[in-house]
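In: Here's a sequence, model it:
(chains A and B)
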Protein chains: 2
Amino acid sequence: MRIVQKYGGTSVGSLERIRKTADIICGELERGHQVAVVVSAMSGETNRLLSLAAEVSDNPARRELDALVATGEQVSAALLAMELQKRGVAAYSFTGAQAGVKTDSSYARARITGVQSDHLIERMQRFEVPVVTGFQGTDEAGNITTLGRGGSDTSAVALAIAVEADVCDIYTDVDGIYTTDPRIESKASKMDHISYEEMLEFASLGAKVLQTRSVELAMRYDMPIHLRSSFDLVQGTMVSKEDDTMERAAISGVAYNRDEAKITIMEIPDHPGIASNVFGPVAAAGINVDVIVQNVSEEGHTDITFTVPRSDYAPTMKIMADLCKGLGASGYKGDNTVAKVSVIGVGMRSHAGVAQKMFQALAAEGVNIQMITTSEIKITVVIEEKYVELAVRALHAAFELDRAAGEG
Amino acid sequence: MRIVQKYGGTSVGSLERIRKTADIICGELERGHQVAVVVSAMSGETNRLLSLAAEVSDNPARRELDALVATGEQVSAALLAMELQKRGVAAYSFTGAQAGVKTDSSYARARITGVQSDHLIERMQRFEVPVVTGFQGTDEAGNITTLGRGGSDTSAVALAIAVEADVCDIYTDVDGIYTTDPRIESKASKMDHISYEEMLEFASLGAKVLQTRSVELAMRYDMPIHLRSSFDLVQGTMVSKEDDTMERAAISGVAYNRDEAKITIMEIPDHPGIASNVFGPVAAAGINVDVIVQNVSEEGHTDITFTVPRSDYAPTMKIMADLCKGLGASGYKGDNTVAKVSVIGVGMRSHAGVAQKMFQALAAEGVNIQMITTSEIKITVVIEEKYVELAVRALHAAFELDRAAGEG
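Out: Presented below is the predicted three-dimensional model:
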């Protein structure tokens, strides 16, 4: 098999961890696999570099910021390659530029446009191990670019696609994706498989194990991702195309996110363009709006409710204060003690009544639903934060996910 | 004027120093000059990276070591570019690879083979400031290489040659080259000019302000080097081609080096190949032999005396112990309390009696000469270390260098 492995900052964060990481790589080589590795910066290193820049300038040149922080991965790639060489493995570090990772010119959030990987494939076929810096590449003019925080997952998937790997192993601190948070529901079980679409929903709901962009990329090229623990080399969760076994259950898991604040603008005169008038200034302030619900118009007026991350609650409320009069709205109100709970599953497509079952389960526990949004494979409700644990457990049981734990 | 400036680790070692460095650069731009900058790693950074590598491996892969330590300059180049951008200067950092610095493949001691600098010239003509990482380049295959400690001076001179600069300004902690060490002789004076050849001799004698390789390179392409202080922006010492004014004095200065240990092998049977039998094993141990003196052969036997750095004294003595019997020598002895004192000057070529004057001056102070070697522009004696200050002052006076201080 040809494998691209990705290790995060903690896996190269100390010399002890670098050794353990090298152990894993050597294990795969011994099993006859071809391996390339993508590494992040050592834990804390990117922040150290950013704080140097912050001391120099409040608004450092973005080109230079990227050149600066890109050194973090170069350090860990070289150290890991040294450790592997020490064990007799022909390992070589490569910067993004050397590995042929091409991006656009959007500093700090560049997108990968291609990977010129022929030389990497040749090395892998000789059982050499390229150790590639994640998170970075170069644009057409040769400027160093970075992909933004967490971009190393995306680097790994892009490299896996380019070298036509069989799988992209992403090593983390957790051993996979669970049917829900085991800290809330002890009956939660690890999923052996999950579809790209489901993974995207879990990722967007704060399952921080995989960057959303990397899952999108993997989905587009059908590159299986194996999410697994570097502490415990058991089977983790395979993220891949939906298959027959996935269709059995209506719901794969229950996710939640406490980082939500809710804002409602009341009785806005309803006419075309109203939504852009509301969300234009919010977007301009760099605030990511999450759920948006607009009720049907009554007597020419409508209410719009939306959620933002809690850290953006105060600035968003300030924008609303400035905005409300101009919109002709009767007022606005906010609540930063709400949370989001979702049920996710590709099986939802072929199972009727999922929404109804969800609402019943919550009602039975006395949980009031404040907002509802649905996508093809997800139903999300916004509720009072204090009900999160209760709601998660109720839904985990209602969709018979508890049972999976017994089977696993 | 087109200027390439080089700043060492202390000039980018703190944010305060980075600001002062930016002040100097902005000053030159305001005077209408075109400027490119070469920087070292922040003080201590290279050692920090090397110690990381040392923790990973006793014998780290050299390719990876170079990739690792090359990050040090990238960090300081990016930070300095940020500081300049903050002031409205169009400054851009470039790694060795980006700047087009090509080297051979000798990791850790690569030699520059060329600089593809057209894009840098274009930028300088637009009064942009390229900030280039010193000490590094890439080989033909694109591997990152470093030039060895102090290589940033060489990078700066190579870049100055490539962009056809008028001068290469090397900023250091000292304000120039003195006729001798002012800590020993208070009448020592700063030289306004010095020839490349003299600078080479001073550099090889432990005047650590300029790397020997950089002077050799400057001499070959006749690139003037202005050695100056980043603390005090007065005229420093200009290192350039010998000119008429330089011919006035027989001797430019007096240099010394305490880091010497002397070893003598006695009564070796004299036949061809004896020197290589002695120095082969020493060189194989990575020990740099400095002065070598072989007396004329008497009755088929000869004595060989040589000096090594003091840190290599013990290992060299050990090699001699192993070697002596095989050579048929009568024995060997060592002394690690010797020092080297030299008089240097291109004027020596046209002045007779320099050696005689030197020996007389030393004899008058009762300083015994243990070894003598001469080159075209230098006479070196090895003496007991305790006489160093006395000898330096006596020679400084004998060659009328004291007078220069009065003139300056």
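In: Dump the biggest strand by length in chain A to PDB, restricted to CA.
Out: Using DSSP state E, we find that the single longest strand of chain A is strand A:253-269. Only the C-alpha atoms of strand A:253-269 are listed here, as PDB (Å, rounded to 0.1, in the frame of the first residue of the first chain):
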ATOM      1  CA  GLY A 253     -24.200  10.300  15.500                       C
ATOM      2  CA  VAL A 254     -25.200  13.300  17.600                       C
ATOM      3  CA  ALA A 255     -23.100  16.400  17.700                       C
ATOM      4  CA  TYR A 256     -23.300  19.600  19.700                       C
ATOM      5  CA  ASN A 257     -21.600  23.000  19.900                       C
ATOM      6  CA  ARG A 258     -21.800  25.300  22.900                       C
ATOM      7  CA  ASP A 259     -20.000  28.100  21.200                       C
ATOM      8  CA  GLU A 260     -23.200  29.800  20.000                       C
ATOM      9  CA  ALA A 261     -24.900  33.100  20.600                       C
ATOM     10  CA  LYS A 262     -28.300  33.900  19.100                       C
ATOM     11  CA  ILE A 263     -29.500  37.300  17.800                       C
ATOM     12  CA  THR A 264     -32.900  38.200  16.600                       C
ATOM     13  CA  ILE A 265     -34.000  41.300  14.700                       C
ATOM     14  CA  MET A 266     -37.700  41.900  15.100                       C
ATOM     15  CA  GLU A 267     -40.300  43.200  12.600                       C
ATOM     16  CA  ILE A 268     -38.100  44.200   9.800                       C
ATOM     17  CA  PRO A 269     -40.100  45.600   6.800                       C
END
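In: ok, residues contacting whichever helix or strand A:K357 is part of?
Out: If you go by DSSP states H and E, A:K357 is part of helix A:354-364. Under the criterion CB atoms under 8 Å, 6 or more residues apart in numbering or on different chains, residues A:250-251, A:343, A:345, A:348, A:369, A:374, A:379, A:381, A:383, A:391, A:394-395, A:397-399 lie in contact with helix A:354-364. Using the backbone N, CA and C atoms, a C-beta is placed for each residue, glycine as well.
In: Ok, stretch A:272-279 next?
Out: Contacts for stretch A:272-279 (CB under 8 Å, 6+ apart): A:I265, A:I268, A:V289, A:I292, A:Q294, A:T302, A:I304, A:F306, A:L323, A:G326, A:L327.
In: Which single one of those is nearest to A:Q5?
Out: Comparing those against A:Q5 with CB to CB places A:V289 closest, at 36.0 Å.
In: Assign the closest one to helix, strand or coil.
Out: With DSSP: H, G, I helix; E, B strand; the rest coil as the basis, A:V289 sits in coil.
In: dump the residue contacts of it.
Out: A:V289 touches A:F279, A:V282, A:A283, A:F306, A:T307, A:V308, counting by CB under 8 Å, 6+ apart.
In: Out of the residues you listed, which sit inside strands?
Out: Among those, the ones falling in strands (DSSP E) are A:F306, A:T307, A:V308.
In: A:S195: what's its closest spatial neighbour, skipping adjacent residues?
Out: A:E242 (4.1 Å; CB to CB, 6 or more residues apart in numbering or on different chains).
In: My understanding was that the one you found contacts A:M348; is that so?
Out: No. With contact defined as CB atoms under 8 Å, A:E242 does not count as touching A:M348 (11.8 Å).
In: does the residue of the stretch 251-400 of chain A at minimum distance from chain B count as helix, strand or coil?
Out: Ranked by CB to the nearest CB, the top residue of the stretch 251-400 of chain A for proximity to chain B is A:G286, at 21.5 Å. Of the three states, A:G286 takes coil under three-state DSSP.
In: What is the neighbour count of it?
Out: 8 (other CB atoms under 10 Å in any protein chain shown).
In: OK, contacts around A:G331?
Out: Counting by CB under 8 Å, 6+ apart, A:G331 has contacts A:I265, A:M266, A:E267, A:C324.
In: Residues of the stretch 1-150 of chain A that sit close to chain B?
Out: A:15, A:18, A:49, A:52-53, A:55-57, A:59-61, A:63-65, A:67-68, A:70-71, A:74-75, A:77-79, A:81-83, A:85-86, A:91-93, A:95, A:97-98, A:142-144 (CB under 8 Å from any CB of the partner chain).
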